[in-house]
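[1] build me a model from this:
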Amino acid sequence: MPGRDKLPVEETLEDSPQTRSLLGVFEEDAAAVSSYTSQLYNAMQRIYNAQNELSTATHLTSKLLKEYKQQRFPLGGDDEVMTSTLQQFAQVIDELSSCHAVLSTQLADAMMIPITQFKEKHLKEMLTLNEVFAIASHDHDLAINKYSRLSKRRENEKIKMEVTEDLYASRKKQHQTMMHYFTALNMLQYKKTIALLEPLLGYMQAQINFFKMGSEHMTQQLEEFLTNIGTSVQGVRREMETEQDLMDQTIQDLEVASDSLYLPDPDTKLFNVNRNLTRKTGYMNTRNKTRLVSSTWERHYYFTQGGNLMRQARGDVAGGLVTDLDNCTVMAVDCDDRRYCFQITAFDGKKSVIVQAESKKECEEWISTINNISRRIYLSENPEELAARVNQTALEAVTPSPSFQQRHDSSIKPAVHNRARPPPTNSPSSVASGSPALSAISLDSIVAPDTPIQFDIISPVSEDLSNLAKTSGSRRTNPFGESGEPKTQESEESILHQLFIVRFLGSMEVKTEESSDIIYETMRQILAARAIHNIFRMTESHLLITCESLKLIDPQTQVTRLRFPLRNVVLCATHKENRRLYGFVLHTGGNRTEGRSLSVCYVFESNNEGEKICDSVGLAKQIALQSQMDRQTTDKRKELDREKQRQLKELDKQKQIEKDLEEQSRLIAASSRPNQASGEGQFVALGNNSQSEDSDTADDGKTKKKESEA
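    Numbers count the residues shown, from 1 in each chain. The predicted structure is shown next:
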């Protein structure tokens, strides 16, 4: 026989919605078994009561056996061995349908008693256990609700003791009832097989004993088949007994081990709080505000799934998202009407939820788990080991952790911390560093010693307010590399406009800009410093990439926070393990006082893959280079056009001079013809001709001089 489905008795104390859903499947299977058994019982009852209708009743039994493969059992419906066995039984019963009626006593002893016991005893026992379990579960819900409503202000020790004892008793009763109920449902899978096969085996044996004359129908092959079925039934019975003993032993062990877990509020001195968890499940009460003052509490099953907090009500098929735990903040809060409450606030501060744990131990473990998830430790290979190292490093850190208010104000004023150098064994380098090339590179050759890390963006408004008292002649050095010179109006007709949602992690000055290992090392140091100093808040911006610059824009006010000229971006890379992390190196000219250039590495986190941003930056540089080459070609073409126009103007001017000379010569020749008769006139005319020739000679000299100058 193949393996059988079983209910997990070990998870009865947790009573999760998944366990309840699996229990519903087993209960549905029990109902299907009960329905099918009733039909089979009625068929066999007809065989027993009416010998005259033996042939008809046998035919109905054979029909029901053939329909077994069409039955849709939630559990074990695809048992091919059982299906083929019942099909063979159906064929044999069809052959025996024409024989005489079976003696009533043989049928009663061999066929009716086993199926009657299964129907009247085992199935009714399942119904009784179902009712007892429903009552115990209801009592436990009432007790846990009464315990949850204990007031912290009007707390009475006597009432508290009574409520605690009531909850202890109800929880123990529910646990014990649930374990026995699960065991009975598991045993039903074996009893179902026995109840189906054993009556059929008894029926066939009665037929063999009664029909001596029908020995010609009882072949050797059929006898071997019946022998094998009998052996199989005995094997199933032995397997059921073994499983029953194992379940009884498991129940005893769980009762002993779970005795301390029945206490709703165990002492944290006796039971240590595990602060290195990255996954946790359990029931908690959720606070829902109905009006401005009043609030209600609902009990839900909470569980973490990656970086999300999920919850599921009893009876739901799947859980729903409560909030995103990445970069969130969690803290214990003081509620007037409840104990062990804590508040979870999303990274943007717009959404918060208040929940109540069952005990102080559960409250502290939930807070530690959410803190570990907020640091994204769950993304590493060994999250619990890394969480232990990070928590130990945070406890041993010299710099005290900033308060929640300081972290909240980090978006207004810069929070600059000196770079800490934790030991290699304790630093959380596995979170951000996976480059083997860094082992061969000296740290001081990449990052200057005692280089400050900038964790926040300084907005232009805060800079203007801080420099209001300074004189107009003084110049300040922008830590982000801006020169302070007046910005030119960027072209709105840029070919490339790509927008990404990013969160600023930090920036620091680097010594070199030759390899992408600089960006990997900067990412490692910034993430390590954030983990040590408990800095979880990040400034979200919109990164606009154009062909001229990179802009960080405030998503609410649409004000440009920072502008990086594209020509100054010399290096851009993404993290090798976490593709959402990327950074770039900005090369600036420095300030006037130091007189040296600066290289600053900026690290961001994006919602998409960082490779898309790096590809966009590369595309922008290619477009900018092509645009510059096109502008140079256009300028050269314009210069050639201007030179050609100037030459054409000079040529037109020379033609005009030649035309004027020809006109003057024609006028002189026309004026000399009427004065040829008189000598005086001839003398005068010759004088005029000489003067004209002199003037023409002078004009030709001037024209040649101008041409030589041109």
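[2] give me the residues contacting stretch 126-140.
    27, 30, 167, 170-171, 173-174, 177-178, 180-181, 184-185, 188 (C-beta atoms under 8 Å, 6 or more residues apart in numbering). The C-beta positions use only the backbone N, C-alpha and C, and glycine is treated the same way.
[3] ok, which pair from the residues you listed is furthest apart?
    Across these, no pair lies farther apart than 167 and 188, at 31.1 Å, counting by C-beta to C-beta.
[4] can you say which of the contacts of stretch 126-140 are buried?
    Buried subset of the contacts of stretch 126-140 (neighbour count, 16 or more other C-beta atoms under 10 Å): 30, 167, 170-171, 173-174, 177-178, 180-181, 184-185, 188.
[5] wait, which of those is closest to residue 5?
    Residue 5 lies nearest to residue 185 out of the buried ones among the contacts of stretch 126-140, by C-beta to C-beta, at 9.9 Å.
[6] need the strands for the stretch 101-250 of the chain, in chain order.
    In chain order, the stretch 101-250 of the chain shows no strands, with DSSP state E, counting those that start in this stretch as the criterion.
[7] which helices and strands does the helix ranked longest in the chain pack with?
    The residue-count maximum for a helix in the chain (DSSP state H) belongs to helix 610-672. Applying 3 or more C-beta pairs under 8 Å, 6 or more residues apart in numbering; DSSP states H and E, one finds that helix 610-672 contacts strand 498-510, strand 539-545, strand 569-574, strand 581-588, helix 679-709.
[8] next SSE downstream of the helix or strand bottoming out on mean pLDDT in the chain?
    Counting by mean pLDDT, DSSP states H and E, the weakest-scoring helix or strand in the chain turns out to be helix 429-432, with a mean of 34. Following helix 429-432 in sequence order, the next helix or strand is strand 452-454 (DSSP states H and E).
[9] count the residues that sit near residue 235.
    If you count neighbours by other C-beta atoms under 10 Å, residue 235 ends up with 11.
[10] let the chain start at 150 from now.
    Sure, I'll start numbering at 150, so the last one becomes residue 384.
[11] model confidence for it, exactly?
    Looking at residue 384, its pLDDT reads 90.
[12] tell me the spacing between it and residue 288.
    Per C-beta to C-beta, to the nearest Å, residue 384 is found 41 Å from residue 288.
[13] and what of residue 224?
    Plainly put, residue 224 is 29 Å away from residue 288 if you go by C-beta to C-beta.
[14] and for residue 800?
    According to C-beta to C-beta, residue 800 stands 113 Å off from residue 288.
[15] neighbour count: these two, which is higher?
    Applying other C-beta under 10 Å to residue 800 and residue 288 shows that residue 288 carries more neighbours, namely 18 against 11.
[16] so that one versus residue 272, what's the distance?
    Distance, residue 288 to residue 272, using C-beta to C-beta: 25 Å.
[17] now swap in residue 356 and tell me
    Distance, residue 356 to residue 272, by C-beta to C-beta: 27 Å.
[18] just checking, residue 773 touches residue 715?
    Yes: applying C-beta atoms under 8 Å as the test, residue 773 and residue 715 come out as touching, 5.9 Å apart.
[19] which neighbours do these two have in common?
    696, 697.
[20] ranges for the strands of the stretch 400-549 of the chain?
    Counting by DSSP E, counting those that start in this stretch, the strands of the stretch 400-549 of the chain are 430-438, 444-454, 457-461, 469-473, 478-482, 490-494, 501-505.
[21] out of those, which gets the lowest mean score?
    Mean pLDDT, when computed for each of these, is lowest for strand 478-482, at a mean of 86.
[22] what's the angle from that strand to strand 490-494?
    150 degrees (axes from the mean of the first three to the mean of the last three C-alpha atoms, to 10 degrees).
[23] check the offset of stretch 282-298 from the chain's centre.
    Mean-position distance between stretch 282-298 and its chain equals 35 Å (C-alpha atoms, centre = their mean, to the nearest Å).
[24] buried sites along it?
    Applying 16+ other C-beta under 10 Å to stretch 282-298 flags 282, 285, 286, 288, 289, 292, 293, 296, 297 as buried.
[25] of the residues you listed, which belong to helices?
    The helices, defined by DSSP H, take in 282, 285, 286, 288, 289, 292, 293, 296, 297 from those.
[26] widest-spaced pair of these?
    Most distant of those, by C-beta to C-beta, are 282 and 297, 22.2 Å apart.
[27] in the stretch 400-549 of the chain, what spans have low per-residue confidence?
    439-442, 542-549 (pLDDT under 70).
[28] run the last query once more with 80
    Residue ranges of the stretch 400-549 of the chain with pLDDT under 80: 408-410, 412-414, 416-419, 438-444, 485-486, 498, 538-549.
[29] cool, and the stretch 650-799 of the chain?
    660-664, 677, 679-688, 705, 725-727, 737-746, 756-758.
[30] try it again with 50
    741-742 (pLDDT under 50).
[31] looking at the strands of the stretch 400-549 of the chain, which is nearest to residue 410?
    Using C-beta to C-beta, those put strand 430-438 closest to residue 410, at 11.7 Å.
[32] so what's residue 295 up against?
    Per C-beta under 8 Å, 6+ apart, neighbours of residue 295: 312, 315, 316.
[33] need the pLDDT of the nearest residue to residue 261 once chain neighbours are set aside.
    Spatial nearest neighbour of residue 261, excluding adjacent residues (C-beta to C-beta, 6 or more residues apart in numbering): residue 197 at 5.5 Å. Here, the pLDDT recorded for residue 197 equals 80.
[34] which elements pack onto the host helix or strand of residue 197?
    In this structure, residue 197 sits in helix 166-198 according to DSSP H and E. Packing contacts for helix 166-198, counted by 3+ C-beta pairs under 8 Å, 6+ apart, involve helix 203-215, helix 253-256, helix 262-266, helix 272-297, helix 306-359.
[35] could you figure out how far that helix is turned away from helix 306-359?
    Interaxial angle of helix 166-198 relative to helix 306-359 (the same axes, to 10 degrees): 30 degrees.
[36] buried sites along helix 166-198?
    Those buried within helix 166-198 under the rule 16+ other C-beta under 10 Å are 166-168, 171-172, 175, 178-179, 181-183, 185-186, 189-190, 192-197.
[37] with stretch 465-482 instead?
    In stretch 465-482, the ones that count as buried by 16+ other C-beta under 10 Å are 468, 471, 472, 473, 474, 475, 476, 477, 478, 479.
[38] hmm, who's touching that stretch?
    With contact meaning C-beta under 8 Å, 6+ apart, stretch 465-482 is reached by 166, 170, 450-454, 456-461, 490-496, 500, 502-503, 512, 516, 519-520, 522-523, 525, 553, 556, 652, 685-687.
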